[in-house]
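S.K.: Model the structure of this input:
(chains A, B, C and D)
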4 protein chains.
Amino acid sequence: MWRVSFPCTCRLLPRIIVRMELNFRSDNESPAAQAIMNALLESNIGAAWAYGDDFWSQRLDDAFSALFETDTLVIPVSTGTAANSIALATVTPPWGTVYCHRNAHIYIDESGAPEFFGNGLRLAPIDGADGKFSADDMNRLINASEGHGVHSYIPSAVSLTQSSESGTVYQPAEIESICDAASRHDMTTHMDGARFGNAVISLGCQPADTSWRAGIQLMSFGASKNGCLAAEALLIFGRPELREKAERLRKRSGHLLSKMRFVSAQLLAYIEGGLWLDLARHANHQASRFAEAIGNHPEATLEFSTQANEVFVKWTTEGFQRLESAGISFLYWPGRNDLARFVFSHATTAAETDRLCQVLAS
Amino acid sequence: MWRVSFPCTCRLLPRIIVRMELNFRSDNESPAAQAIMNALLESNIGAAWAYGDDFWSQRLDDAFSALFETDTLVIPVSTGTAANSIALATVTPPWGTVYCHRNAHIYIDESGAPEFFGNGLRLAPIDGADGKFSADDMNRLINASEGHGVHSYIPSAVSLTQSSESGTVYQPAEIESICDAASRHDMTTHMDGARFGNAVISLGCQPADTSWRAGIQLMSFGASKNGCLAAEALLIFGRPELREKAERLRKRSGHLLSKMRFVSAQLLAYIEGGLWLDLARHANHQASRFAEAIGNHPEATLEFSTQANEVFVKWTTEGFQRLESAGISFLYWPGRNDLARFVFSHATTAAETDRLCQVLAS
Amino acid sequence: MWRVSFPCTCRLLPRIIVRMELNFRSDNESPAAQAIMNALLESNIGAAWAYGDDFWSQRLDDAFSALFETDTLVIPVSTGTAANSIALATVTPPWGTVYCHRNAHIYIDESGAPEFFGNGLRLAPIDGADGKFSADDMNRLINASEGHGVHSYIPSAVSLTQSSESGTVYQPAEIESICDAASRHDMTTHMDGARFGNAVISLGCQPADTSWRAGIQLMSFGASKNGCLAAEALLIFGRPELREKAERLRKRSGHLLSKMRFVSAQLLAYIEGGLWLDLARHANHQASRFAEAIGNHPEATLEFSTQANEVFVKWTTEGFQRLESAGISFLYWPGRNDLARFVFSHATTAAETDRLCQVLAS
Amino acid sequence: MWRVSFPCTCRLLPRIIVRMELNFRSDNESPAAQAIMNALLESNIGAAWAYGDDFWSQRLDDAFSALFETDTLVIPVSTGTAANSIALATVTPPWGTVYCHRNAHIYIDESGAPEFFGNGLRLAPIDGADGKFSADDMNRLINASEGHGVHSYIPSAVSLTQSSESGTVYQPAEIESICDAASRHDMTTHMDGARFGNAVISLGCQPADTSWRAGIQLMSFGASKNGCLAAEALLIFGRPELREKAERLRKRSGHLLSKMRFVSAQLLAYIEGGLWLDLARHANHQASRFAEAIGNHPEATLEFSTQANEVFVKWTTEGFQRLESAGISFLYWPGRNDLARFVFSHATTAAETDRLCQVLAS
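M.R.: The predicted structure is shown next:
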């Protein structure tokens, strides 16, 4: 009944081993949505000019400009790390600091890609509650690091993650406040939107409301986690002069795909007709059902408010082990065995969520 | 009749514009083979662990080890530039020189990706006839650049392209001779195998014969040009200690895809059952038919011997313009209008080649 | 009476403007000791082989090995930033973290030189009292940043400053404890010894006791602040295999001086006959006299214990302004006007200290 | 009689070993001029603000502007490699090419410092006769490397060496022609003036004539080889907007000396009163005397015209060995024992040149 796959190096066994695994580890582990696959198939007709001069890639700027209600430059790539790193290195000199949350993907999960692309730029981690930071949190750190001329890094950019690494969501006013503060320090603003769709659904707003209208200038618009195979878009709002450097960094880091149409076709299908929001709505809904079950549980509690598609649960080690014994997989918080993350994706079925809640309650 | 697509930014027009274009510009512009698409669809079932811990990625080492008849480490990525740059940066210190042909992709088409990944390593271009260089050509340049200790770059690696950028193919003995010379200078050997399949078909040998058995230690095994969407593999023969650095460089450059299964599934389908060789055989055959037509032409001549899937033609400007008027597209040699390249791919139909030969003869 | 110089761009004025300035801003602003100048003059005789193959440079390893009572490799350079950056980049991969105090010079005063030399290595600042951190402080941060494989930076090195940026001194046992902890994480240990002489005097120990015997593997041995013109030495204890990479980094960053004898001659004169300790003893003594005066003052207080040649004073804005009005210059703590630093050097005269204490008391 | 020093690692021997060595190896091996030493002594009075805010450093812009008869920004550093690398990295993006002579110091003697500072910029070596290249030589290479957009390096800067590595000197008209060509490609122009004084003497022109008036925008103004201990100046003509980036690169590479006055005082003394030209005139004269002796020799011949302070001699191996036996040291051309370089410096005495000519003739 459960859809499953897991690593196997034995070449003699059949390809897919069926095992009782219910995967709530990460939306990175979800399959692609069928509509995305169909778009790939449709784009696979005849020749197409290489390196982004194809019909699909050429449509990206218009399609995203329409979606975001403003002139938008689109740099398609195949990973979020590439989108984040190109964005930050485009606007930050090697002696510039990028402020971000201490749990930000760019700080703890990218092995220094921003530092590599940015030739030694520095990330400064901000401590902040619930996976988010406020303008005050940022200002405090900036002020405490006041430099002296050529000897010191200069504040250069801020990057916030929407929805956050803790499954919470920034309100537009919170973003605006951070972007205002950034502007007063001449800093560029970047949003890591790896789970941007989940945030838009959560807020019930327009994409523009929680991005450029709130002051965001660059965005890594994620699609892989929410239904694509490998497709992300670096979006640039109102800063056309940044295109050249961003494109150079993309090429030089090996991220200008020859058959770019296959990334662009995914992105077009993802945003056209609101598919991305449908997929995110589904994922958020499944998450909210589990969060409700946690709320009703006598022991387990929510570590953070569940505002998108990730649920962080505090519970006993024994409790978590009971879930594992039932074939349910999830990820423990680094260094903790009483705190775990459950991620719901576009592909999580209602039956799977039912089963999870059922084992939890048992 | 002709399958066509070309850039269009008008969002109101139908998606695919039919135009009289016969594309011989590059195999980079070919679609994916249907069998590869089918493999993608098949792999899109249920959850799969992220970042290469999936079932498909875990099978790569075994599958390539079988294909190459030796222990082979496989680092899948999505572009050839990434494979080349990771390979070279893994074995070359920032103060090391990589020797390559003056027309090598790494030297003229990657915008300095090897220098970027390798933190300022240096490429030294070797002049050599027919898109290839010999051990003597390389030794001459190395000897002329004899350095003095800490002041100078040291010879560190050699990279040769098989089949070459001129559509020619290195004989195994030629490779062996270069690798022997490299070994005497303590240099690592790398093959850019963007069109490796075309070379293997041309030589009628085993993959091992024109790679590690001839002394190659690292290979960028290309698949995108010959039927995949975006899939390349960095292969490491007999140097398992290089895996860690190569994997770090992959991650840090944003090339560790979360849903890696979609790259690995392409690669497995590509090599299983000899698909890659079937596709390359077809491409080479179409190229040889056009080369034969050139051989019989009163004016046009072959610039290089046609040994793989690329045909380089010397002709009059008027001649080439006649082809263009007939809707045939191809690429002129940089700075020249009397020399052009025609590339044949797995997807070039016999009818397309017929049409090209027909216009040529007219 | 007061020795003074200050910036002046008018070319018509006499060279040295006498002004009532008593400089306690930094030992960086002190002149060179006469004995060092004499050594320069003595070394300026005839030709000497370039790039460190001269007579003076060739003696460095022996001279420092004798001073430190162990085999010591010496890489002379002309700035502390160069010594620190070469040291850290030699032992840290681009994906490695260097732990240091939040106020460390490498973190706040070198504009990212370690990140530049180290191709994007990361510095992780440790909060710790009195300008120092403990093994526990470091372990807490390492544990809180526990990574996951290729996605995360790895702990790679620790750098501590002796004497510290707050004028305090690590006890040998404190260093040993940090180095033990580092060793358990396979980290290399580095000491920024910009004011090492002041620490040795303060501790009354042998140089070895507060360096390699306590577990330090690499040291930036400072001399410029304490009597040289521009001379620092990167010392490597018991790791001869590091020499090649360190020398490459020195050359590649432009720090291999052609007339290296003039750096090496300074270093030899500095350590021979204990000159460096005499100079440091004098500076420490002047500092202690001022610290005593602060201790007796009704309002002003010491922010940190004065253990070397720097005195950190907490006082009223009005108080500090009174000093300034008397021609006394010093540096305010960044962003504070109730906290200031007074530095005493080998060249601070007893009369200058008297005058400072006198104005303080008035 | 001959002033001599050579490497010795034995600590028991007296410091200076007198041996019959007449050093014509390099002007890098000459001592400092006494006037420079005197300036150092004079500058060593009292405190001076650090990091270039001292009285001497603040006078550099005015002093060099007067010397060059135009607004000149001065960035003092302590090595020519630093000056060259900062200059080139300031004006060249990582995807830019710097054209230079194949024998240029930046290409063969700096271990990749320009590539390091420039984050992987590329040097393209131009072959040209007599250690110089012409505008035509450069244009040919640029045209042959015509790129295609984001895939290729762009021509970004040209660097020529005055006097050249072969002891020859560019005429102002030759420089103008190169700079005109560079301008047509939007390239910045740089002069490596490690031996600029020798060129000015040779040409009998004003410094401006062979620099900015001929189109040079950045210059590494060398002083170490011609009488200083360690002092070089990066000069920027008419491009004040470059100062910030150049100063950042200097700091970040560890080249902002704390006691900068000691570099600046050397530079001021070097140019004031024409000292630098007197020293260069002497060196050139000694070289011309030896060149004349070669001209009169029955076997030995000049490889290049002697226009500055370097003499390149073609002779028999036996002939060169005879010189060596007489205690005369010089450097063989890499990989050759029938071609050698003799360098004359400000410190070469007439008696030393006499002795050299005498042994040659014997």
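S.K.: Show me how the record splits chain A into domains.
M.R.: Listed by automatic domain parsing, the domain ranges of chain A are A:22-32+A:275-361, A:45-273.
S.K.: Which positions in the stretch 101-250 of chain A make contact with chain B?
M.R.: For the stretch 101-250 of chain A, the residues in contact with chain B (Cβ under 8 Å from any Cβ of the partner chain) are A:110-113, A:116-117, A:224-225, A:229-230, A:248. Every residue, glycine included, has its C-beta placed from N, CA and C.
S.K.: could I get the residues you listed as TSV with distance to residue C:198, pLDDT and neighbour count?
M.R.: Converted to TSV, those look like this (distance: Cβ to Cβ, whole Å; pLDDT from 0 to 100; neighbours: other Cβ atoms under 10 Å in any protein chain shown):
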residue	distance to residue C:198	pLDDT	neighbour count
A:110	41	97	27
A:111	39	97	29
A:112	35	97	28
A:113	41	98	29
A:116	38	98	26
A:117	41	98	28
A:224	55	98	25
A:225	54	98	28
A:229	61	97	28
A:230	56	97	24
A:248	48	98	21
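S.K.: which of those lies closest to residue A:178?
M.R.: Nearest to residue A:178 among those is residue A:110, at 21.1 Å by Cβ to Cβ.
S.K.: Just the pLDDT for residue A:214.
M.R.: Per-residue confidence (pLDDT) for residue A:214: 98.
S.K.: ok, now which ones touch the spatially closest residue to it that is not a sequence neighbour?
M.R.: Once flanking residues are discounted, residue A:214 sits nearest to residue A:175: 3.9 Å by Cβ to Cβ, 6 or more residues apart in numbering or on different chains. Neighbour list for residue A:175: A:160, A:162, A:191, A:210, A:214-216 [criterion: Cβ atoms under 8 Å, 6 or more residues apart in numbering or on different chains].
S.K.: Now go through the residues of the stretch 101-250 of chain A next to chain B and say which are in helices.
M.R.: Mapping those onto helices (DSSP state H) picks out A:113, A:116-117, A:248.
S.K.: Looking at the residues you listed, which is nearest chain D?
M.R.: Of all these, chain D sits closest to residue A:248, with 5.3 Å by Cβ to the nearest Cβ.
S.K.: which residues in the stretch 51-200 of chain A form helices?
M.R.: Assigned by DSSP state H, counting those that start in this stretch, the helices in the stretch 51-200 of chain A fall at A:55-68, A:80-91, A:105-108, A:113-117, A:135-144, A:172-184, A:196-203.
S.K.: Quick one: those helices as TSV, columns for distance to residue D:269 too.
M.R.: Shown next, in TSV, are these (distance: least, Cβ to Cβ, whole Å):
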stretch	distance to residue D:269
helix A:55-68	60
helix A:80-91	43
helix A:105-108	50
helix A:113-117	42
helix A:135-144	44
helix A:172-184	46
helix A:196-203	62
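S.K.: So which elements touch the longest strand seen in chain A?
M.R.: Across chain A, the longest stretch assigned as strand under DSSP state E is strand A:154-161. With contacts taken as 3 or more Cβ pairs under 8 Å, 6 or more residues apart in numbering or on different chains; DSSP states H and E, strand A:154-161 sits against helix A:80-91, strand A:96-101, helix A:172-184, strand A:188-193.
S.K.: Let me know the angle separating it from strand A:96-101.
M.R.: Strand A:154-161 runs at 30 degrees relative to strand A:96-101, counting by axes from the mean of the first three to the mean of the last three Cα atoms, to 10 degrees.
S.K.: in its sheet, what does strand A:154-161 sit against?
M.R.: The pairing partners recorded for strand A:154-161 under DSSP bridges are strand A:96-101 (parallel), strand A:188-193 (parallel).
S.K.: Identify whichever of the ones you listed lies nearest to residue C:146.
M.R.: Of these, nearest to residue C:146 by Cβ to Cβ is strand A:96-101, at 17.3 Å.
S.K.: Need the residues that contact that closest one.
M.R.: By Cβ under 8 Å, 6+ apart, the surrounding residues in contact with strand A:96-101 are A:88, A:92, A:106-107, A:114, A:118, A:121-126, A:128, A:131-133, A:138, A:141-142, A:145, A:153-161, A:164-165, A:187, A:190.
S.K.: same question for it, mean pLDDT?
M.R.: For strand A:96-101, the per-residue pLDDT averages 98.
S.K.: Put the alpha carbons of that strand into CSV.
M.R.: Extracted in CSV, the C-alpha atoms of strand A:96-101 (Å, rounded to 0.1, in the frame of the first residue of the first chain):
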residue,chain,number,x,y,z
GLY,A,96,30.6,42.2,2.2
THR,A,97,28.6,40.5,4.9
VAL,A,98,25.3,38.7,4.2
TYR,A,99,23.0,38.6,7.3
CYS,A,100,20.8,35.6,7.6
HIS,A,101,19.2,33.4,10.3
